[in-house]
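>>> Prediction below, plus the sequence it came from.
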Amino acid sequence: MKVDKYNKVFMNVFELPSTDGLPSLRYRESEKWDSIGHMMLCAALEDTFDIHLEGEDILEIQSYEIGINVLGKYGVVFD
């Protein structure tokens, strides 16, 4: 399932032990999701889903939930 892959990216990049709290995760509200963590997240999303995020989309990903919507622009559908 794509949502499992998406969750795993967040867990790996931000070193989270579980999916608890992922839907409420937001940029700069987590110690690990700073500007460097953000670029690591975007690179991992690109690698995982074999896409190339445009600059405006990288900036738009400000939360876990928004990331799902942004990936939808690239044909990544979460069922």
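That came in fine, so what should we check first?

>>> mind checking the longest helix of the protein?
helix 35-49 (DSSP state H).

>>> starting at the chain centroid, how far to the following helix or strand past that one?
Next along the chain after helix 35-49, taking DSSP states H and E as the criterion, comes helix 55-60. Chain-centre distance of helix 55-60: 12 Å, with Cα atoms, centre = their mean, to the nearest Å.

>>> What residues sit buried inside the following helix or strand past helix 55-60?
Sequence-wise, the next helix or strand downstream of helix 55-60 (DSSP H and E) is helix 64-72. Within helix 64-72, the residues that qualify as buried by neighbour count (16 or more other Cβ atoms under 10 Å) are Y64, G67, I68, V70, L71. Every C-beta, even on glycine, is put in place using the N, C-alpha and C of the backbone.

>>> and helix 64-72, average pLDDT?
The pLDDT scores in helix 64-72 average 96.

>>> Can you list the neighbours in contact with it?
With Cβ atoms under 8 Å, 6 or more residues apart in numbering as the test, helix 64-72 has contacts from 6, 10, 22-26, 41, 45, 49, 51, 53, 57, 60-61, 78.

>>> Could I have the CA atoms of it written out in CSV?
C-alpha atoms of helix 64-72 as CSV (Å, rounded to 0.1, in the frame of the first residue of the first chain):
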residue,chain,number,x,y,z
TYR,A,64,1.9,15.1,6.6
GLU,A,65,-1.6,15.7,5.2
ILE,A,66,-0.6,18.3,2.6
GLY,A,67,2.2,15.9,1.4
ILE,A,68,-0.5,13.4,0.5
ASN,A,69,-2.3,16.0,-1.6
VAL,A,70,0.9,17.2,-3.3
LEU,A,71,1.9,13.7,-4.2
GLY,A,72,-1.5,13.3,-5.8
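
>>> What's the per-residue pLDDT of V77 here?
Value listed for V77 in the pLDDT field: 89.
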